[in-house]
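Participant: next one to model:
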Amino acid sequence: MDNLDKKVLKELQLDSRISFTKIAEKIGVSTATVSDRVKKLTKAGIICGYTALIDTSKLGMVTLITRIKTKPGYNSIQEVGEAVAGMAESCCVHHVTGDFDLIVISKCMGHDECGIIIQMIKEIEGVESMNAELVLKTLKEQLKVEL
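Facilitator: All right, here's what the predicted structure looks like:
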């Protein structure tokens, strides 16, 4: 990935609906060059898709952060992670270092649904223990990265 790829990615992060022509104008290359770069970045798995950013709190959703410890000797943190990732409410599932094996960020429609999600995670084979916290207020939630 070179500086031109980074410029294209930066523009797409700012507005994923921007046309290739507009990107080309902003970074000083042809539309065909932008199109080729986007295809290359998509094929490489760097661009994974396009989406709208939603303020979930305005929809009445609650953010649930769960830390999961797997059972000692259990074969696969991956299996537990995949089970949690398969839940529709799961937004991010991270295998981490420290006292817990996984950190999960979920979005739930209210506190009652959070309770259901917590119970569902507890029942996954391989889960030894977990801690769950409800977010009171989100100060920053963004997936853009500095390139």
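Participant: would you map out the domains in the chain?
Facilitator: 3-43, 56-134 (automatic domain parsing).
Participant: quick one, which of these is nearest to residue 146?
Facilitator: domain 3-43 (8.7 Å; Cβ to Cβ). Yep, even glycine has a C-beta here, placed from its N, CA and C like the rest.
Participant: how far away from the center of its chain is the closest one?
Facilitator: 22 Å (Cα atoms, centre = their mean, to the nearest Å).
Participant: for residue 83, which non-adjacent residue is spatially closest?
Facilitator: Distances taken as Cβ to Cβ, 6 or more residues apart in numbering place residue 124 nearest to residue 83, at 4.8 Å, with adjacent residues excluded.
Participant: can you pull the poorly scored residue ranges out of this structure?
Facilitator: 74 (pLDDT under 70).
Participant: apply 80 and report the result again.
Facilitator: Segments of the chain classed as low confidence (criterion: pLDDT under 80) are 73-75.
Participant: centroid-nearest residue for it?
Facilitator: With distances taken as Cα atoms, centre = their mean, the chain has residue 92 as the residue nearest its mean C-alpha position (4.5 Å).
Participant: that one and residue 48: what is the separation?
Facilitator: Residue 92 sits 13 Å away from residue 48, taking Cβ to Cβ, to the nearest Å as the criterion.
Participant: cool, and residue 17?
Facilitator: Counting by Cβ to Cβ - residue 17 and residue 48 are separated by 16 Å.
Participant: neighbours of residue 88, how many?
Facilitator: Look at residue 88: counted by other Cβ atoms under 10 Å, it has 8 neighbours.
Participant: now the helix or strand hosting residue 64 - C-alpha only, PDB.
Facilitator: Applying DSSP states H and E as the criterion places residue 64 in strand 62-70. The C-alpha trace of strand 62-70 is given here as PDB (Å, rounded to 0.1, in the frame of the first residue of the first chain):
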ATOM      1  CA  VAL A  62     -27.700   0.300  24.800                       C
ATOM      2  CA  THR A  63     -24.000  -0.600  24.400                       C
ATOM      3  CA  LEU A  64     -23.000  -3.700  26.300                       C
ATOM      4  CA  ILE A  65     -19.300  -4.500  26.800                       C
ATOM      5  CA  THR A  66     -18.600  -8.100  27.900                       C
ATOM      6  CA  ARG A  67     -15.300  -9.600  28.900                       C
ATOM      7  CA  ILE A  68     -15.200 -13.400  28.600                       C
ATOM      8  CA  LYS A  69     -12.800 -15.900  30.100                       C
ATOM      9  CA  THR A  70     -12.800 -19.400  28.600                       C
END
